[in-house]
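Q: A predicted structure for the sequence below; I have some questions about it.
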Amino acid sequence: MASIAKSWLCASCRRKTSVSLAAKSRYSYSTASRHDRPLRMAVVGSGPAGFYTAYRVMSKVPKTKVDMFEALPVPYGLVRFGVAPDHPEVKNCQEKFQEVASSPDFTFIGNVSIGNTGGHFAGCTIPLASVLHHYDAIVFAYGASKDKKLGIPGESGLQGIYSAREFVGWYNGLPEYAGLAPDLTKGDEAVIIGQGNVALDVARMLLENVDVLRKSDITEAAIEALLKSRIKRVHIVGRRGPMQAAFTIKEVRELMKLNRVGFHDIDMSLMPDEISKLPRARRRLMEIMMKGSTANVDEALKSWSLDFCLSPTEFLGRPDRSLESTVFERTLLSSPFDPSSSVASTTEKLTIPSSVAFRSIGYKSVALPGFDEAGISFNDRKGIIDNDGMGRVLQINKDESSGSHLPGVYCAGWVKRGPTGVIASTMEDAFSTGDAIASDWNSAAPFIKGESSSGWEALRAGVEHGKCKVITWEDWQKIDKAEKERGLLAGKEREKFTSTKEMLAAAS
Amino acid sequence: MATPRSLARSLQSFQISSFQSIAQLSRPALSSRGKIRSNSPLLCRPRIGASLLRQFSTSPLRQHGHIHPPKPGEELYVTFIDKEGKEHKVAVSKGDNLLDIAQAHDLEMEGACGGSCACSTCHIIVTDEGYYEKMPEPEDDENDMLDLAFGLTETSRLGCQVIMTKELDGLKVKLPSMTRNLQASDFGSKS
């Protein structure tokens, strides 16, 4: 019966549930036979893109049943493993995700990867083709799991070079990088290659007072390594100039305000003369860079700089194969004050001593095994699933004449538009995918024609055999509780488990 | 035996009064939420259920404990213009912020960071410059987030940072679209 108590509704909403939700909806179409049954949707990935898409579709298409697959035993993707630990307020979006997950029409299926065999995922695996057989629609929202490489000499042979993805994953407790153990004791200069917000996050971790970070949900291993760190000088290096930089103002302001951390003046020749005439966002960003840090750089304990117009060419090592310095080539901007200026190389070299280097030049999505067979077009160059911009996935097209959509197959988030933007951008992007799904369902558009649309009920038996354990939402709540209890002992919000083994143990 | 429906009806009056008293008890904690910079779990009340239902009905007012019912005679009015251009005029109390007000009235405003001024999802546009001028100037934190807002205007603010005062009685704000509008032609090409 439709009026059974729904625990996910607050008291005042519950009063109204005796009237069927569908009856009220302007999106329901009782005439079409398809809409007499629920839309069964699989979501691959449980980060913001997956949750916001599920939320949007569940709001717009009554009776939608969502099964969300997550390769790790724990949900929230980059909200848990990407957002900096000292940005807890950004993680408040988890409240919304909890609300979605508490719906009786939502099933979390953790520790189950789709088409993924081996690697660091020790959980269960379902081939993509099996999933496609049992749903009306599938949404790929699995993000960008790889990072881009520089492809310069020394990059893979020397010790002390990390990708920002590894480093961020490590301090955030991502099982894949729990054993990274970055050595921050070799010297006092660090180089970060790339000038996006991830680069600024890395810089903040290196420069921030550890006692401030200690109260966040950063891992204990990271606290220990940062306590031992000798890094005093951080260079954040980019190929282009301040007018082309990708970071946003909030992150710059945070660095400028760090206690006893100074900022070295930026190269004024790259600043336009009349800053007041720039568009608002760009103007404010330029102003804050010119204004500099609260702390005086000469009296500060640590310092940092934004080094513009430098492109890395080589890492140089010591005899023991540890990193000693990074060699850059100066670049030349075709028009320094144009945000989309192109950049050319020169022959002038510059060497920056660096005991540790981080490459933070972007993430990249990879295709899931089974994409080809399913006819899903993956763009290796851009590192995204080819789509129509609204998240409808395009079919592999050998003659490249007219790309058509694959019925019922969608994507959202970084795997749809590339690894850029803040959570608000992913939300907007996920909502547009959600709107596309809702409109397609409510129109005559075709969906996946599989064997059944019984979803997880049909797949479950095949997955839950042997040693493999599926994590339910209730299991995750146990893990969550255990992490918070560990945190309480350490005087912080949460102490994360950093291995899937520990996570699974806490769930049983 | 009472059916769930009749039971719900008989409990209705009780629920309303008890719910409001809880809201009043937590008033001091909640009214400062817009100023909270760091995560403070005690102050961040999950908005349970409300928004999943937001699409289904906009007429009845639901109180979710984040706002304070105005005392008779002390009502202030604020009008939200939604994405379809429809106006929603609501009576509110002094001290409540526009994000909490919009959510309590099931208007489509997100607030991904829970009203802590760490995202731009509660972006609103003040329609009358006079009212915009009456508001205290946005702080750097708010301006930093507004810089990232889609469709930023001269009179843009974050809903979570606009606190209702007597001076703002009669305020009108627009909710900008979070997504590109879908047109029928968007589906024409779908094969």
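A: It's in. Numbering: from 1, shown residues only, chains lettered A, B, ... in the order given.
Q: Residue numbers of the stretch 51-200 of chain A in contact with chain B?
A: A:55, A:58-60, A:62, A:87-93, A:95-96, A:98-100, A:102-103 (C-beta under 8 Å from any C-beta of the partner chain). Using the backbone N, CA and C atoms, a C-beta is placed for each residue, glycine as well.
Q: and the nearest residue to B:Q161 once chain neighbours are set aside, helix, strand or coil?
A: Leaving aside its sequence neighbours, B:Q161 sits nearest to B:E142 (C-beta to C-beta, 6 or more residues apart in numbering or on different chains; 5.0 Å). Recorded secondary structure, B:E142: helix (DSSP: H, G, I helix; E, B strand; the rest coil).
Q: and B:E142, how many neighbours?
A: Other residues lying near B:E142 total 19 when counted by other C-beta atoms under 10 Å in any protein chain shown.
Q: Contact partners for the closest residue to A:D267 other than its chain neighbours?
A: In space, and not counting its chain neighbours, A:D267 is closest to A:F308: 5.9 Å by C-beta to C-beta, 6+ apart. Applying C-beta atoms under 8 Å, 6 or more residues apart in numbering or on different chains to A:F308 gives the contacts A:G238, A:R240, A:G241, A:P242, A:I266, A:D267, A:L270.
Q: quick one: the helices in chain B?
A: Along chain B, the stretches classed as helices by DSSP state H are B:4-25, B:27-31, B:98-104, B:129-134, B:140-146, B:185-188.
Q: quick check: domain ranges of chain B?
A: B:21-53, B:76-182 (automatic domain parsing).
Q: could you pull out the helices for the stretch 401-508 of chain A?
A: A:414-417, A:423-441, A:455-463, A:473-490, A:500-507 (DSSP state H, counting those that start in this stretch).
Q: looking at these, which is buried most?
A: Highest mean neighbour count of the helices of the stretch 401-508 of chain A: helix A:414-417, a mean of 27 (counted as mean count of other C-beta atoms under 10 Å in any protein chain shown).
Q: helices or strands up against it?
A: helix A:48-60, strand A:384-385, helix A:423-441 (3 or more C-beta pairs under 8 Å, 6 or more residues apart in numbering or on different chains; DSSP states H and E).
Q: my guess is B:H123 meets B:Q161, correct?
A: No: between B:H123 and B:Q161 no contact is recorded; they are 10.7 Å apart, counting by C-beta atoms under 8 Å.
Q: Poorly predicted segments of chain B, please.
A: B:1-65, B:178-191 (pLDDT under 70).
Q: Break down it into its strands, ranges please.
A: All strands of chain B, identified by DSSP state E, fall at B:76-81, B:87-92, B:123-126, B:156-158, B:171-174.
Q: And for the shortest one, what's in contact with it?
A: Under the criterion C-beta under 8 Å, 6+ apart, residues B:98-99, B:117, B:120, B:122-126, B:132, B:135, B:138, B:142, B:145-146, B:149, B:173 lie in contact with strand B:156-158.
Q: Do you know the pLDDT at the closest residue to A:D183 other than its chain neighbours?
A: In space, and not counting its chain neighbours, A:D183 is closest to A:G160: 6.5 Å by C-beta to C-beta, 6+ apart. At A:G160, the model reports a pLDDT of 97.
Q: how near is A:G160 to B:G115?
A: 42 Å (C-beta to C-beta, to the nearest Å).
Q: More neighbours: those two, which one.
A: B:G115 (30 against 22).
Q: Not counting sequence-adjacent ones, nearest residue to that one?
A: Using C-beta to C-beta, 6+ apart, the closest residue to B:G115 is B:C160 (3.8 Å).
Q: Over to B:L107?
A: B:F80 (5.3 Å).
Q: and the one you found, bridged to which residues?
A: B:H88, B:V173 (DSSP bridges).
Q: quick one, what contacts it?
A: Counted by C-beta under 8 Å, 6+ apart, B:F80 has contacts B:E87, B:H88, B:V90, B:A102, B:H105, B:L107, B:V173, B:K174, B:L175.
Q: And for A:S46?
A: A:S46 makes contact with A:M68, A:F69, A:E70, A:P75, A:Y76, A:G77, A:F97, A:F108, A:G110, according to C-beta under 8 Å, 6+ apart.
Q: Please look at the residue nearest to B:G115 and B:D96 and confirm they touch.
A: No: in this structure, B:C160 is not within contact of B:D96 by C-beta under 8 Å, at 10.9 Å.
Q: So the two - more neighbours on which side?
A: Using other C-beta under 10 Å as the criterion, B:C160 and B:D96 rank with B:C160 on top: 28 against 24.
Q: Next one: the more buried one from B:H123, what distance?
A: To B:H123, B:C160 is 10 Å away according to C-beta to C-beta.
Q: can you check A:S377 too?
A: Going from A:S377 to B:H123 by C-beta to C-beta gives 34 Å.
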